[in-house]
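Enquirer: How does the following fold in three dimensions:
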Amino acid sequence: MLELSNLCVRYGHIRALEGVSLTLKAGEALAVAGMNGAGKSSLVRAICGLVPVREGQVRLDGQAITGRPLHRLEGVALVPEGRVLAPSLSVSETLWLGAGRVSARTLAARRDGVLARFPELAGRLTQRAGTLSGGEATMLALARGLMAAPRILILDEPSLGLSPAATARVFDTLAELRQDGIGVLIVEQNLHLALGFADRFLLLQHGRPVGEGSTAEADRSAGLEELLLGH
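Expert: As a prediction, this is how the structure comes out:
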């Protein structure tokens, strides 16, 4: 289980996050929503040790991981905004990088499992990542994250720039991962898409939590979209 308690992040005098708390259990999906500048990406970066945390704690299965860099976070994988693939690397090399330091046997087993989930990548192992379509690149970024065998998967704007068909493919895959017991934290500007997928939501505004609850409650909240849009 991932737990954040009273998390605060500042860039100089700017408060990017203030008093953010959340929990994410195995097989659960939590959507973090908000306008640009609401603090969504800062939240992701704080969990993954990419920015310093001024106050608060991040815990994974009860163990403090606050400030620990992503490459040392066993059990947590990030699929960053914009996919962030090295364009000169092949699909196979990209998958290999996602696994970290594991034995050759473990690497092969993980790759076989990932390619079974993403058969569209199996025939493209020698293709350069930079030549993939947007949907294919997103699949590769997601596959790379799964090579770490995470218990918690964090995605930052996974639908960004994707066609409706590619977006549906991504979210179908995420639903399968939840059934396998992986907790999914998703940062997504598309409020309806995020709420349709997740069990619970956390709404940020100016770095502060201004709404949270079950997605069923969100569907009944007539003022939620107005709050998100700043009306």
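Enquirer: Mind naming the longest helix for the protein?
Expert: helix 164-179 (DSSP state H).
Enquirer: what does it contact?
Expert: 27-29, 117-118, 133-135, 138-139, 142, 146, 153, 155, 158-159, 162, 184, 186, 193, 197 (C-beta atoms under 8 Å, 6 or more residues apart in numbering). Where C-beta positions appear, they are placed from N, C-alpha and C, glycine not excepted.
Enquirer: If we use 7 Å, what do you get?
Expert: 27, 29, 117, 134-135, 138, 142, 153, 158-159, 162, 184, 197 (C-beta atoms under 7 Å, 6 or more residues apart in numbering).
Enquirer: JSON lines for the residues you listed, including distance to Val20 and neighbour count?
Expert: Shown next, in JSON lines, are the contacts of helix 164-179 (distance: C-beta to C-beta, whole Å; neighbours: other C-beta atoms under 10 Å):
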{"residue": "Gly27", "distance to Val20": "22", "neighbour count": "15"}
{"residue": "Ala29", "distance to Val20": "18", "neighbour count": "24"}
{"residue": "Arg117", "distance to Val20": "32", "neighbour count": "15"}
{"residue": "Gly134", "distance to Val20": "31", "neighbour count": "13"}
{"residue": "Gly135", "distance to Val20": "32", "neighbour count": "18"}
{"residue": "Thr138", "distance to Val20": "27", "neighbour count": "26"}
{"residue": "Leu142", "distance to Val20": "25", "neighbour count": "25"}
{"residue": "Leu153", "distance to Val20": "19", "neighbour count": "23"}
{"residue": "Pro158", "distance to Val20": "21", "neighbour count": "26"}
{"residue": "Ser159", "distance to Val20": "23", "neighbour count": "20"}
{"residue": "Leu162", "distance to Val20": "27", "neighbour count": "19"}
{"residue": "Val184", "distance to Val20": "18", "neighbour count": "23"}
{"residue": "Phe197", "distance to Val20": "21", "neighbour count": "19"}
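Enquirer: picking up where we left off before, which positions within the longest helix of the chain qualify as buried?
Expert: Taking 16 or more other C-beta atoms under 10 Å as the neighbour-count basis, helix 164-179 is seen to contain the buried residues Ala166, Thr167, Arg169, Val170, Phe171, Thr173, Leu174, Leu177, Arg178.
Enquirer: which element follows it toward the C-terminus?
Expert: strand 183-187 (DSSP states H and E).
Enquirer: Show me where this protein has its strands.
Expert: Here the chain has its strands, by DSSP state E, at 2-11, 14-24, 29-33, 55-60, 63-64, 76-79, 152-156, 183-187, 200-205, 208-214.
Enquirer: thinking again about what came up before, can I have the longest helix of the chain written out in CSV, keeping just the CAs?
Expert: Only the C-alpha atoms of helix 164-179 are listed here, as CSV (Å, rounded to 0.1, in the frame of the first residue of the first chain):
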residue,chain,number,x,y,z
PRO,A,164,-9.5,7.6,-28.9
ALA,A,165,-8.6,4.0,-30.0
ALA,A,166,-5.2,4.2,-28.4
THR,A,167,-6.6,5.7,-25.3
ALA,A,168,-9.1,2.9,-25.0
ARG,A,169,-6.3,0.4,-25.4
VAL,A,170,-4.3,2.0,-22.6
PHE,A,171,-7.2,2.0,-20.2
ASP,A,172,-8.2,-1.6,-21.0
THR,A,173,-4.6,-2.6,-20.1
LEU,A,174,-4.8,-0.7,-16.9
ALA,A,175,-8.0,-2.4,-15.9
GLU,A,176,-6.2,-5.8,-16.5
LEU,A,177,-3.3,-4.7,-14.3
ARG,A,178,-5.7,-3.8,-11.5
GLN,A,179,-7.2,-7.3,-11.7
